Structures are given as C-alpha cells and as structure tokens.
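> need coordinates for the following:
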Amino acid sequence: MRLRVLGTAAGGGVPQWNCACPGCAGARANPGWRRRHASLAVEGHIVNATPDIADQIEACEWLRPGPDPRQTPVAGVILTDAELDHTLGLPRLREAGELEIIATPVVRGALTRWLRLDDVLSPYTGLRWRDLPQDDAVPLAGGVRVQAVPVSGKRPRYAAGDGPASGWVVALRLTDPATGGTCLYAPSLGIWSAEWEKAAAEADCVIVDGTFWDDEEPRRTGISSRTATEMGHLPVEATAGRLARLPGRCLYTHLNNTNPLVDPDAPQHKRLAELGVETAADGMVIEL
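I've put the predicted structure just below:
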C-alpha cells in the first residue's frame with residue numbers, strides 16, 4: 001500500500017489568508033513552513049477534498065492525468081467528515097465524467113441537505129455515493145480496503161443539531177490484504193476511546209490529529225473562546241505519550257497555524273522525537 005501525504009494543515013492552511021500570527025508570518029517569510037490542507041492519497045483515492053485539491057493532485061505524480069487528454073487516475077474521494085475544509089474541493093472535481101464519494105450516511109446527508117451538493121454538481125458530473133461502514137471494509141482500486149472507526153460526534157457548524165449523534169467524524173482504517181499493512185488516518189480526534197485505542201494498537205502506521213499543541217492554545221492565541229478539546233481536537237500534549245506506547249509508526253497531521261510545530265526549529269519537535277513520534281510533512285510517501 002502506497003500513501004502520499006498531500007497536506008498537513010488544519011482549516012485555513014499555513015499561512016491562512018487573514019492571519020498574521022507567528023506561524024503564518026513565518027510561512028510567508030519561509031516557504032518551507034508552508035502547509036496545504038490535510039489530505040492523503042491512497043493509490044488512486046484522495047482522502048478529503050480540500051480547497052487545495054487541484055494543487056495537491058498536480059504535486060503527486062501518480063495522480064496527474066494522462067496519457068489520454070481526459071484520462072485521470074483519480075478514482076474517487078473518501079471523506080472523514082463533512083467539515084468545509086474537507087469538502088470544499090469537491091466542486092473543483094466537477095470536470096470528472098463521474099465522481100465517486102465514499103462517506104458515512106450522516107456525512108452524505110449533511111452534504112446533500114445543507115450544501116445541496118447533488119443539486120449543485122449534477123449539471124456538471126454524476127456523483128456516485130458509496131457508504132463507508134464501521135462493521136465492514138470497502139474495497140478500493142488496487143485492492144486496498146477502507147473501514148470507518150468512529151472518533152467524534154462533532155457536527156460542522158452549518159449542520160448543528162441535525163441528524164444522529166454518530167458517524168459525523170471517523171478515522172479511516174486502510175488495509176492492504178496483499179502485504180498485511182495497515183494505516184489508521186484520523187485528522188480529527190475528539191476522544192481517545194477504547195475502540196480507537198484498539199484500532200491504533202493494531203496499525204502499522206497512525207497518522208493523527210495534531211491541530212493544537214496544548215488545550216489552551218486556541219484561547220491563548222485569541223482564535224477561539226473554546227479550548228482545543230471543546231473544539232473537538234485532543235491536543236498533542238494529551239496524546240503524544242499514548243502514541244509513544246503504540247507499536248506502529250505515529251505521525252501528527254492537521255496542524256493549525258497557531259501550533260508551534262509549524263516552525264521546523266521549534267523545541268516541541270525535539271520533545272516528540274524523544275518519544276519516537278513524528279510530524280508528517282507535505283509530500284512524504286509511506287509504503288506499507
């Protein structure tokens with residue numbers, strides 16, 4: 001199984017267009033700090049359709065079109081949730097002859113009811129929805145299989161109070177039957193449940209929510225009146241020690257622009273390295 005990290009930033013990217021925090025200012029002065037929205041390529045499937053999706057496809061050689069003029073290896077999109085930073089890229093794919101979207105039923109319902117995705121895109125392309133189950137695995141092109149692991153009931157703001165409590169945010173368990181390799185991808189992690197811990201302990205690679213370094217970061221930096229946990233993201237300080245005890249390789253993704261980890265020279269990188277935990281980088285390839 002071949003994975004390409006297409007992006008590692010939280011909503012807004014690094015830098016964010018309307019932000020002059022130290023992370024964003026540093027990214028404007030140092031191109032190496034820049035991060036696109038968190039996404040992952042799994043062979044021909046893209047996990048989450050971010051606002052950067054067109055550039056992310058161009059940056060990944062195995063997703064570029066050809067040799068025929070309108071031939072593309074992009075087989076579809078898998079969604080971990082219905083948040084805008086993970087779905088706004090879907091209209092960018094409207095030139096496709098048909099677009100496959102794999103999502104939980106509640107995520108599909110939010111996108112079709114509140115964002116009217118079917119109505120908006122149907123004049124351009126056909127949407128083919130596939131359910132993302134928790135009790136079974138869906139086969140993808142190339143033989144890889146994907147299954148949902150619930151991690152949070154957090155709804156996007158536009159769908160607050162709508163629908164059932166479960167299925168809103170999931171991690172993806174990606175398995176290659178040919179090699180036995182398993183990756184657990186969770187750009188958003190609201191709770192450290194027993195089900196999550198079991199899935200993480202069985203994975204060869206865990207790529208997980210690193211939105212905020214500590215719980216008070218959103219309030220301290222002035223971007224929110226809520227803590228990281230209240231915003232639906234377990235902070236790095238709360239998860240790093242737990243990740244260090246897992247047998248597989250562990251990497252953080254979905255970094256907010258306020259997170260000190262966006263600075264490659266921040267001392268927090270050394271603290272993670274001492275635990276054997278990494279920060280994922282845009283463009284890195286992982287083979288399992």
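
> could you check how far Val146 is from Asn18?
The gap separating Val146 from Asn18 is 35 Å, by Cβ to Cβ, to the nearest Å. Every residue, glycine included, has its C-beta placed from N, CA and C.

> pick out the residue nearest the middle of the chain.
Nearest to the geometric centre of the chain sits Pro187, at 4.1 Å (Cα atoms, centre = their mean).

> correct me if wrong: that one contacts Asn48.
Yes. The criterion here is Cβ atoms under 8 Å, and Pro187 meets it with Asn48 at 7.1 Å.

> give the residues shared as contacts by those two.
Each of 38, 80, 86 lies in contact with both Pro187 and Asn48 under the rule Cβ atoms under 8 Å, 6 or more residues apart in numbering.

> re earlier: ok, now which ones touch the spatially closest residue to the residue nearest to the centre of the chain that is not a sequence neighbour?
Of all residues not flanking Pro187 in the chain, His254 sits nearest, at 4.1 Å (Cβ to Cβ, 6 or more residues apart in numbering). By Cβ under 8 Å, 6+ apart, the contact list for His254 reads 8-10, 38, 187-188, 209-211, 233.

> go with 7 Å
Neighbour list for His254: 8, 10, 38, 187-188, 209-211 [criterion: Cβ atoms under 7 Å, 6 or more residues apart in numbering].

> buried only: go through these for me.
Burial by neighbour count, 16 or more other Cβ atoms under 10 Å: within the contacts of His254 this picks out 8, 10, 38, 187-188, 209-211.

> between all of these, which two are separated the most?
Thr8 and Ser188 (13.4 Å; Cβ to Cβ).

> element containing the residue in the chain sticking out farthest from the centre?
Ranking residues of the chain by C-alpha distance from their mean position (Cα atoms, centre = their mean) puts Asp68 at the top, at 30.3 Å. Assigned by DSSP states H and E, Asp68 falls within no helix or strand.

> kindly report the same for Ala27.
With DSSP H and E as the test, Ala27 turns up in helix 22-29.

> buried ones in that helix?
Within helix 22-29, the residues that qualify as buried by neighbour count (16+ other Cβ under 10 Å) are 23-24, 26-27.

> helices along the protein, start to end?
22-29, 53-59, 105-113, 117-121, 194-201, 217-220, 236-244, 267-275 (DSSP state H).

> roughly how far out does the first one sit from the chain middle?
This means helix 22-29. How far helix 22-29 lies from its chain's middle: 22 Å, per Cα atoms, centre = their mean, to the nearest Å.

> which residues are contacting that helix?
14-16, 33-34, 257-259, 262-263.

> among the buried ones among the contacts of His254, which are in strands?
If you go by DSSP state E, those have Asp209 in strands.

> so which of the helices of the chain gets nearest Asp135?
Closest among the helices of the chain, using Cβ to Cβ: helix 194-201, at 11.9 Å.

> now do that closest one: which elements does it pack against?
Contacts defined by 3 or more Cβ pairs under 7 Å, 6 or more residues apart in numbering; DSSP states H and E place helix 194-201 against strand 145-152, strand 169-175.

> need the contact list for Val236.
Contacts of Val236 (Cβ under 7 Å, 6+ apart): 210, 213, 252.

> look up how far Met284 lies from it.
Here Val236 is placed at a distance of 18 Å from Met284 (Cβ to Cβ).

> likewise Pro67?
From Pro67 over to Met284 the distance is 27 Å, taken as Cβ to Cβ.

> likewise for Gly7?
To Met284, Gly7 is 11 Å away according to Cβ to Cβ.

> kindly report the same for Ile191.
Using Cβ to Cβ, Ile191 is found at 27 Å from Met284.

> kindly report the same for Gly97.
Separation of Gly97 from Met284 (Cβ to Cβ): 31 Å.

> give me the more crowded residue out of those two.
Shown here are Gly97 and Met284; by other Cβ atoms under 10 Å, Met284 has more neighbours (13 against 8).

> read off the pLDDT value for that one.
In this model, Met284 is scored at 98, pLDDT.

> not counting sequence-adjacent ones, nearest residue to it?
Excluding its sequence neighbours, the residue lying closest to Met284 (Cβ to Cβ, 6+ apart) is Val5, at 4.7 Å.

> now for that neighbour: which residues touch it?
The contact partners of Val5, by Cβ under 7 Å, 6+ apart, come to 40, 280-284.

> give me the beta-bridge partners of it?
Counting by DSSP bridges, Val5 forms beta bridges with Leu40.

> what separates it from Ser39, distance-wise?
Val5 sits 8 Å away from Ser39, going by Cβ to Cβ.
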